[in-house]
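Novice: only geometry, no sequence info:
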């Protein structure tokens, strides 16, 4: 595959929500976007690159959309020109319109957070004629299927190690990302560091306490009974004393005031890289009934006639490139937050009495951290005589196109009964390799029904599922005669009420980071309950949030 040749000026940023406030579509705040400026983009279409071309200053074309599968997209670049025909033209709005149409024409695109996004601004044209010769539109880069599958397994291994040892070195992440195409991104940004320059100091008055203020007040009134306020343009010398820039023209009163200040006030002189320097100072003196207020407006006098800049004088600034690895499949981003997602481990630990259950587990792309916890738990507990040995993994159709999925017959379900770790994890890996989901909904209930057919002696179903992926087949729930113990993954801002309704109808239980709720089915109209600090209530027969 030929590479796209770019002359790049790159910065990482999050698109502000206000840019898209007038449209129904926005790149979500947890999607990082790389913004690129280049004179001209040379885009070449091949088996891994799809060009959706649009006319200059026009909206998106719909050509070639039919052959795009969301799960196979590596990146999407929106390419446009900086040049505009008139000042009223709104490029941000046009870009938003193009994105909206792209989302509308590619189902599942808006919910896929593993896609890398680029905004490429071409600067090499200054007229409509010149710009018409440049490419405008979307460049969609596809993944290689084998690399996708290997990347998913590598990604799962990464998380498994993370939960087992509580830390994983990132020293090799650059090569892993490049070769394995994991849904990590390495975000590097040039940041401006600003630190106080400890070697530079402004002049300052110190030790000017209440007693000294009273003393100066009295002495100023002796110099001039009518004294109320004055301002003097002085120099603070390197000895920390006030002096007049032209003593010969100073009045006797001002000379006496300067001498009084030097006798009663202690001053630390300014310093430049540790060396004492002179300071121009406008000294304002105000008397009240008993005390005196003195303020300095000062400008240090720098050596070699350098111009004084307050910010540069007080602070040392430098540019530093800061990088971090971010898992784009997690709704809580960053390695440091991984423990906030350990809901699977917590649920199993709190409910160690669960035995002889079918464990139905979502293995689609959003579930890596939770599958890792599944592996960690079963490495420790699978081979015990008492425990759970029936498993079904579901991937929502083995990458079947979404529009061909039929409720109850989606496929992509992998059952195994085993007490052997290797057999269990091989089945897990196989289910991941053969499919990674598609549109948002998953085939949870279909998988449970198939698993129960394989062993009718299990006592209950443990379901490990993505909070944000509502089952596509809830109408089949009545066929599940055993209680479902639902471990909800990724519920950082509340439980999907579709899952709450499912558990209520099934007479099962729901398990979150902090709570286990076993009696949801007993609740009646106007009853309320709390899960992970969020209030829910039943109104008109439906579960709602406060």
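Specialist: Alright, I've got the coordinates. Because the structure is a prediction, the values reported are computed rather than measured.

Novice: remind me which residues of the chain are low pLDDT?
Specialist: By pLDDT under 70, the low-scoring segments of the chain are 1-32, 55-63, 144-155, 158, 162, 165-192, 321-340, 366, 400-404, 437-439.

Novice: which residues does residue 538 contact?
Specialist: Residue 538 makes contact with 523-528, 544, according to CB atoms under 8 Å, 6 or more residues apart in numbering. Every C-beta, even on glycine, is put in place using the N, C-alpha and C of the backbone.

Novice: show me where the stretch 251-400 of the chain has strands.
Specialist: With DSSP state E, counting those that start in this stretch as the criterion, the stretch 251-400 of the chain has strands at 266-268, 270-272, 275-277, 279-287, 292-300, 315-327, 357-362, 390-394.

Novice: partner strands of the fifth one, parallel or antiparallel?
Specialist: Strands flanking strand 292-300 in the sheet, each with its direction: strand 279-287 (antiparallel) (DSSP bridges).

Novice: show residues contacting the strand it pairs with.
Specialist: For strand 279-287, the external contacting residues (CB under 8 Å, 6+ apart) are 202-203, 217, 220-221, 227-236, 242, 257, 261, 269-270, 292-301.

Novice: buried stuff in it?
Specialist: Neighbour-count burial for strand 279-287 flags 279-281, 283, 285, 287 (criterion: 16 or more other CB atoms under 10 Å).

Novice: and which of those residues is nearest to residue 82?
Specialist: Nearest to residue 82 among the buried residues of strand 279-287, counting by CB to CB, is residue 280 at 45.9 Å.

Novice: quickly list what the closest one is bridged to.
Specialist: Taking DSSP bridges, one finds residue 235, residue 299 as the beta-bridge partners of residue 280.

Novice: how close does it sit to residue 236?
Specialist: Taking CB to CB, to the nearest Å as the criterion, residue 280 is separated from residue 236 by 8 Å.

Novice: any shared contact partners between those two?
Specialist: Taking CB under 8 Å, 6+ apart as the contact criterion, the residues that touch both residue 280 and residue 236 are residue 298.

Novice: quick one on the thing from earlier: please indicate which of the contacts of strand 279-287 are buried?
Specialist: Applying 16+ other CB under 10 Å to the contacts of strand 279-287, the neighbour count classes 202-203, 217, 220, 227, 232, 234, 236, 242, 257, 261, 269-270, 292, 296, 298-301 as buried.

Novice: break the protein into its domains for me.
Specialist: Per automatic domain parsing, the domain ranges recorded for the chain read 10-143, 204-315, 335-545.

Novice: just send those domains back as TSV, with distance to residue 161 too.
Specialist: Listed next are the domains of the chain as TSV, based on distance: least, CB to CB, whole Å:
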stretch	distance to residue 161
domain 10-143	21
domain 204-315	42
domain 335-545	8
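
Novice: buried deepest among those, which one?
Specialist: domain 335-545 (a mean of 19; mean count of other CB atoms under 10 Å).

Novice: biggest separation within the contacts of residue 538, which pair?
Specialist: Using CB to CB, the two most remote members of the contacts of residue 538 are 524 and 544, lying 14.2 Å apart.

Novice: which other residues reach the helix or strand hosting residue 498?
Specialist: Residue 498 belongs to helix 497-506 when assigned by DSSP states H and E. Helix 497-506 is contacted from outside by 465, 467, 470-471, 474, 477, 480, 483-484, 486, 488, 508-510, 520-521, 523, 536, 542-545, using CB under 8 Å, 6+ apart.

Novice: any idea which helix or strand comes after that helix?
Specialist: Later in the chain than helix 497-506, the nearest helix or strand by DSSP H and E is strand 509-511.

Novice: beta-bridge partners for residue 193, please?
Specialist: residue 318.

Novice: rewinding a little: so which of the contacts of helix 497-506 belong to strands?
Specialist: Assignment to strands by DSSP state E places the following of these there: 465, 484, 486, 488, 509-510, 536, 542-545.

Novice: could you dump those residues to a markdown table with distance to residue 80?
Specialist: What follows is those, written out as a markdown table (distance: CB to CB, whole Å):
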| residue | distance to residue 80 |
| --- | --- |
| 465 | 40 |
| 484 | 49 |
| 486 | 45 |
| 488 | 41 |
| 509 | 52 |
| 510 | 47 |
| 536 | 45 |
| 542 | 45 |
| 543 | 45 |
| 544 | 43 |
| 545 | 40 |
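
Novice: the residue nearest to residue 474 when sequence neighbours are not counted and residue 496, how far apart?
Specialist: Closest residue to residue 474 in three dimensions, ignoring its sequence neighbours and counting by CB to CB, 6 or more residues apart in numbering: residue 502, at 6.1 Å. To residue 496, residue 502 is 9 Å away according to CB to CB.

Novice: and for residue 219?
Specialist: In this structure, residue 219 and residue 496 are separated by 77 Å, where distance is defined by CB to CB.

Novice: cool, and residue 125?
Specialist: 48 Å.

Novice: cool, and residue 44?
Specialist: Residue 44 sits 43 Å away from residue 496, taking CB to CB as the criterion.

Novice: now do the SS call for residue 135.
Specialist: Here residue 135 takes the coil state, with states given by DSSP: H, G, I helix; E, B strand; the rest coil.

Novice: phi, psi of the closest residue to it other than its chain neighbours?
Specialist: Across the structure, with CB to CB, 6+ apart as the measure, the residue nearest residue 135 apart from its sequence neighbours is residue 43 (5.1 Å). Note on residue 43: its backbone torsions stand at phi -100, psi 130 [degrees, to the nearest 10].

Novice: pull the contacting residues for residue 43.
Specialist: By CB under 8 Å, 6+ apart, the contact list for residue 43 reads 4, 49, 51, 79, 135, 139.

Novice: next: residue 514.
Specialist: Counting by CB under 8 Å, 6+ apart, residue 514 makes contact with 346, 532-533.

Novice: and it, backbone torsions?
Specialist: When quoted as degrees, to the nearest 10, the phi and psi of residue 514 stand at phi -120, psi -20.

Novice: isn't residue 267 up against residue 204?
Specialist: Yes: under the criterion of CB atoms under 8 Å, residue 267 lies in contact with residue 204, with a separation of 7.1 Å.

Novice: which stretches of the stretch 401-546 of the chain form helices?
Specialist: Remark: helices of the stretch 401-546 of the chain, listed N- to C-terminal, are 421-434, 444-454, 497-506; assignment by DSSP state H, counting those that start in this stretch.

Novice: what's the answer for the stretch 1-150 of the chain, then?
Specialist: 91-105, 128-132, 145-165.

Novice: picking up where we left off before, and of the contacts of residue 43, the nearest to residue 35?
Specialist: Ranked by distance to residue 35 (CB to CB), the contacts of residue 43 are led by residue 79 at 12.0 Å.
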